[in-house]
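K.L.:
quick one: sequence and predicted model below, then my questions.
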Amino acid sequence: MKEGLFSRAMLWLVFLFLLGPFVIVFLAGFSAGDTLAFPPTSYSLRWIGEVLASDEFQRAFRTSLEIGLLATVIALLLGVPVAYAMSRMPPPGMGVIKQILTSPLIIPAMLVGLGLLRHFVLVVDAPVFLGLLIGHIGLLTPYAVRVVYASLVNLRVDIEEAAITLGASRLQTFFMIVLPNIRSAVIAAFFLAFVTSFNQVPVSLFLTGPGISTLPIEMLGHMENSFDPSIAALSTLLVLFTMAFVLVTEKVLGISKYM
Amino acid sequence: MSYLELHQLALGYGKNKTAVEQLDLAVEQGELISLLGPSGCGKTTTMRAIAGLIDLRAGSIMLDGRDIGRLPPNKRNIGMVFQSYALFPHLNVFDNVAFGLRLRKVDAVTLRSKVERVIAAVGLSGFETRLPAQMSGGQQQRVALARAIVIEPKLLLLDEPLSNLDAKLRVQMRAELRRIQRELGITMLYVTHDQEEALALSDRIVVMNGGKIEQLDVPENLFNAPRTRFVANFMGFENLFDYRDGFLHGEGGKLPFAVAPPDGTVCAGWRPERVTVGAGPYSGTVLSRGFLGDDVEYLLQTPVGPVKGMTAATAARWREGDSVDFALPAGEALLLQA
């Protein structure tokens, strides 16, 4: 079938709209000049090198990585049992629980961040890293629950009963039968949650503090103070990093079927 | 004391839903007994309670002299074959079958020989490394059976195991089940809604209705001498009429019944093939006719309601709407006291 000229034009416009800004950032990242400019007058790897050598960016990257990995693992440790309980022993008020689990997607993240700030920092006076971590866990757990739940609903209950009649305890059944069959959903949830944490701005904005900053927040701060192409260079690196991440997971696990 | 004994079993779901009430059943060792009944009669619930997959409300389950009614399901050593086979999708045939033995910490050499023996017994040698998804329904069925019997269970429960197979394979697997049961001398409890399957397979049959046992008997007796209307209807006595004071009653009308039945008779029934169509003291109107090869089946509108009868195809000249004589031979009647 031959597509209409109109729909093909629309397709390209959408591509342009989605990828255009990235192309600008990408080219600006390889600029040799001192200020952010498009198109750059000359090209070099100067700013890429600067970014990679920068202490602040390195520290922020490490924080982001730590927060992302820790929060993701904890969110999964919380989320998988919750998803299992929801799918196997639906509690009364299942509808409400599902609503709550989708609320982080509906409630503006800015509000979530403000709420967490009020609570952790002003009321509890928790250490910055801990507050940031808990904030991210709260943000990621619903993702973990939703992705794993979708996979558990499709897993037959009678294979668990079969395992039990063959002598397996509930716990053995979970680890020997359930977990291997939802493995790809758990891995997909891991990557999805990690990327979400890694790119998180609004919540982190409220919860970062003296000495501790995640990469996106550090970048935001840097942008307020200077106008050099380092942000473009860093963004280029990050976009490539994230893209590689998503591409690999999609290729290996086909995460799109869980979303 | 029998091998398996259910005493005053009461089962249900949720707070108020009762599935089974005051059920008593005794099964001997090595017996193949069927729980037969329509869906919702409590047969599957009873079986799941024996497996320990649902809790007892009251009563006890004795197996081989031990009360297992409150044991957790994984401690009962009861094998179960599920209607959907319930094979572990991530494990191949060998690992599916070996699952129960691995949990029992059987050493590797014994495990291998036991698993291979039982895989051979169900005719699947050479399929050890296949995944369930790569096998046909009949093959998956065999794996499910092998997986359940390899643990040498005290009792094997089968939940409509053949209902997902096509007719030909069903008959073949039926014979094979029977052979394996005989060879291993294993006690089996077989749940089905198919009376033909139950009759062909079982030593004894428990017919259940509304959470209660209607009749417990050997297949021959159940087929020839059902004791209640429900069982009679289930066993093919499709023409059932109330009997009172020398008349058959049904749908507000009545027909004279020539012979005086024994005292206490309240119901008389005939299989369609025992109803004579074309001659007899009664007459009816043909509602429908169905050609069955040698015979033609007629559904007649009569004073006591619809009557189903059969006659040889060569003599079946009546069409829908025709008036035709018929007989309900007293000598062929099933007379029920209940």
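P.N.:
Looks like it arrived, so ask away.

K.L.:
on the three-state scheme, residue B:33 is what?
P.N.:
Following DSSP: H, G, I helix; E, B strand; the rest coil, the label given to residue B:33 is strand.

K.L.:
oh sorry, the question was meant for residue B:130
P.N.:
Assigned state for residue B:130: coil (three-state reduction, three-state DSSP).

K.L.:
leaving out sequence neighbours, find the closest residue to it.
P.N.:
residue B:93 (5.3 Å; C-beta to C-beta, 6 or more residues apart in numbering or on different chains). In this view, the C-beta of every residue, glycine as well, is placed from N, C-alpha and C.

K.L.:
ok, that neighbour touching residue B:129?
P.N.:
Yes: Residue B:93 lies in contact with residue B:129 (C-beta atoms under 8 Å); the separation is 7.1 Å.

K.L.:
so for those two, which residue has more residues nearby?
P.N.:
The residue with more neighbours, out of residue B:93 and residue B:129, is residue B:93; 27 against 10, by other C-beta atoms under 10 Å in any protein chain shown.

K.L.:
any idea how far that one is from residue B:123?
P.N.:
Applying C-beta to C-beta, to the nearest Å, the value for residue B:93 to residue B:123 is 12 Å.

K.L.:
what sits against residue B:162?
P.N.:
By C-beta atoms under 8 Å, 6 or more residues apart in numbering or on different chains, residue B:162 lies in contact with B:141, B:169, B:170, B:173, B:174, B:177, B:192, B:197.

K.L.:
greatest separation within those: which pair is it?
P.N.:
B:169 and B:192 (15.5 Å; C-beta to C-beta).

K.L.:
the two: who's more crowded?
P.N.:
Shown here are residue B:169 and residue B:192; by other C-beta under 10 Å, residue B:192 has more neighbours (22 against 15).

K.L.:
centroid residue for chain A?
P.N.:
The centre of chain A sits closest to residue A:196, judged by C-alpha atoms, centre = their mean, with a distance of 1.3 Å.

K.L.:
surely residue B:119 and residue B:93 touch.
P.N.:
Yes: counting by C-beta under 8 Å, residue B:119 does reach residue B:93; the two are 6.8 Å apart.

K.L.:
quick check: neighbours shared by those two?
P.N.:
B:127, B:128.

K.L.:
what does the residue lying closest to residue B:291 once chain neighbours are set aside show for phi and psi?
P.N.:
Spatial nearest neighbour of residue B:291, excluding adjacent residues (C-beta to C-beta, 6+ apart): residue B:313 at 6.8 Å. For residue B:313, the backbone dihedrals are phi -60, psi -30 (criterion: degrees, to the nearest 10).

K.L.:
likewise residue B:57?
P.N.:
phi -90, psi -40.

K.L.:
now swap in residue B:5 and tell me
P.N.:
Dihedral angles (degrees, to the nearest 10) for residue B:5: phi -130, psi 130.

K.L.:
list the contacts of it.
P.N.:
Counted by C-beta under 8 Å, 6+ apart, residue B:5 has contacts B:25, B:26, B:27, B:60, B:61, B:62, B:63.

K.L.:
return the subset of those residues lying in strands.
P.N.:
If you go by DSSP state E, these have B:25, B:26, B:27, B:60, B:61, B:62, B:63 in strands.

K.L.:
wait, the first one touches residue B:216, no?
P.N.:
Spelled out, that is residue B:25. Yes: contact status for residue B:25 versus residue B:216: in contact at 7.3 Å, counting by C-beta under 8 Å.

K.L.:
identify the contacts common to those two.
P.N.:
Both residue B:25 and residue B:216 are contacted by residue B:206, under the criterion C-beta under 8 Å, 6+ apart.

K.L.:
between these two, which is the more surrounded one?
P.N.:
Taking neighbours as other C-beta under 10 Å, residue B:25 and residue B:216 compare with residue B:25 leading, 20 against 16.

K.L.:
quick one: contacts for the more buried one?
P.N.:
For residue B:25, counting by C-beta under 8 Å, 6+ apart, the contacting residues are B:4, B:5, B:6, B:9, B:206, B:213, B:216.

K.L.:
quick one: it from chain A, how far?
P.N.:
Distance, residue B:25 to chain A, using C-beta to the nearest C-beta, to the nearest Å: 20 Å.

K.L.:
beta partners of that residue?
P.N.:
According to DSSP bridges, the residues that bridge with residue B:25 are residue B:6.

K.L.:
give me the residue from the stretch 1-150 of chain A nearest chain B.
P.N.:
Closest to chain B within the stretch 1-150 of chain A is residue A:92: 12.2 Å, counting by C-beta to the nearest C-beta.

K.L.:
quick one: the helices in the chain, in order.
P.N.:
Assuming you mean chain A. A:5-29, A:46-53, A:55-88, A:94-106, A:109-116, A:128-153, A:158-165, A:170-173, A:179-181, A:183-198, A:202-207, A:215-225, A:230-253 (DSSP state H).

K.L.:
meant chain B, my bad for not saying
P.N.:
B:43-51, B:93-103, B:108-121, B:137-149, B:167-184, B:195-201, B:219-224, B:229-234.
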